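**Q** what's the 3D shape of this:
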Amino acid sequence: MAVPAVEVRDAAKRFGAVRALDGVSLTVEQGEFFALLGPNGAGKTTLISALGGLVRPDSGSLRVMGRDVGADYRDARRQLGIVPQEVVFDPFFTVRETLELQAGYFGLRGSRPWIDELLERLALAGKAGANMRALSGGMKRRVMVAQALVHRPPVIVLDEPTAGVDVELRQTLWQFIRELNAAGHTIVLTTHYLEEAQALCSRIAMMKAGRVVALGSTERLLADFSERVLRVKLENGGLPPALADGATRDAAGWHRIPVENAAQVESALARLRESGARVSHLEVAEPELEEVFVRIMGRGDAPAGAAVR
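**A** Reported below is the predicted structural model:
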């Protein structure tokens, strides 16, 4: 049986009075596209830093491809490529020199063909000879991605990789990352763009105050914590009594009627017709991860591991 790509067991870390990690446990299998979500201060970056060996947990264990991050740091780090939130670079090197230097950190030789491919795939080939300080913010972030991939790690951690970048880069990056995942690389993503996580990730962990408060497949979380709704806007009056119970109305005048399937949609439309209501706008809204996130974050302090599927 293959070892997990990432295995965290009861990881805890304090910074003074703050519990950045409070008994975090989770497993990411090889080949998964996994999302780690949570509000600012939830502990996501601390967990990523611990996986990369930059933060030592007070207790618990962390493994990457079976290598213990504490006891076998060098080998564990070779298995991992991290794209951090912060754009950090040496202003005195060109783009190519930056990647060659990164390859040297891992003792790699003959890496030029792979560096050339990275430059091409991330639309950096035209900037290979440019000095890092001359690049735009989006271009610098592309270099950060290339740095994380230069040693071909089996596990790639992306910490807010599309924050503050343009649409073109976002599309280019996700196309490349999808291909890496399809080739067998494990992807761990943190993002505040929840639509990205919903579209890309097969499983999701949500963190709050240093604890895992929800963990499961994207499909299961959507089914458990969200709902499909029929959204209608009427030209006259309100909803008939048979539909008003359980429905809500937003500030823009949209009525939200919970529905589970096509039969319930048809039944609701029939009742609207029978009541004489005139519908001006109509749509069926599918469950969204943003709704799930808001509900889970608003539940109070759920125990670690709640809603595990």
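
**Q** is it true that Ile115 touches Arg96?
**A** Yes. Ile115 is within contact range of Arg96, at 6.8 Å (criterion: CB atoms under 8 Å). From N, CA and C alone the C-beta is placed, and that goes for glycine too.

**Q** the biggest helix by length in the chain - what's its average pLDDT?
**A** Criterion DSSP state H: the longest helix present in the chain is helix 167-182. Averaged over helix 167-182, pLDDT sits at 88.

**Q** swap in stretch 234-243?
**A** For stretch 234-243, mean pLDDT is 83.

**Q** kindly report the same for stretch 127-143.
**A** For stretch 127-143, mean pLDDT rounds to 91.

**Q** flag every buried residue along it.
**A** By 16 or more other CB atoms under 10 Å, the buried positions in stretch 127-143 come out as 127-128, 131-132, 135, 138-143.

**Q** would you reformat those residues as JSON lines and include distance to Asp250 and secondary structure?
**A** Below are the buried residues of stretch 127-143 laid out as JSON lines (distance: CB to CB, whole Å; DSSP: H, G, I helix; E, B strand; the rest coil):
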{"residue": "Lys127", "distance to Asp250": "46", "secondary structure": "helix"}
{"residue": "Ala128", "distance to Asp250": "50", "secondary structure": "coil"}
{"residue": "Asn131", "distance to Asp250": "51", "secondary structure": "strand"}
{"residue": "Met132", "distance to Asp250": "47", "secondary structure": "helix"}
{"residue": "Leu135", "distance to Asp250": "43", "secondary structure": "coil"}
{"residue": "Gly138", "distance to Asp250": "35", "secondary structure": "helix"}
{"residue": "Met139", "distance to Asp250": "40", "secondary structure": "helix"}
{"residue": "Lys140", "distance to Asp250": "40", "secondary structure": "helix"}
{"residue": "Arg141", "distance to Asp250": "36", "secondary structure": "helix"}
{"residue": "Arg142", "distance to Asp250": "39", "secondary structure": "helix"}
{"residue": "Val143", "distance to Asp250": "43", "secondary structure": "helix"}
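
**Q** return the member of these nearest to Ala270.
**A** Nearest to Ala270 among the buried residues of stretch 127-143 is Gly138, at 51.1 Å by CB to CB.

**Q** for the closest one, which non-adjacent residue is closest in space?
**A** Val165 (4.6 Å; CB to CB, 6 or more residues apart in numbering).

**Q** wait, isn't Met132 in contact with Phe89?
**A** Yes. At 4.5 Å, Met132 and Phe89 qualify as touching, with contact defined as CB under 8 Å.
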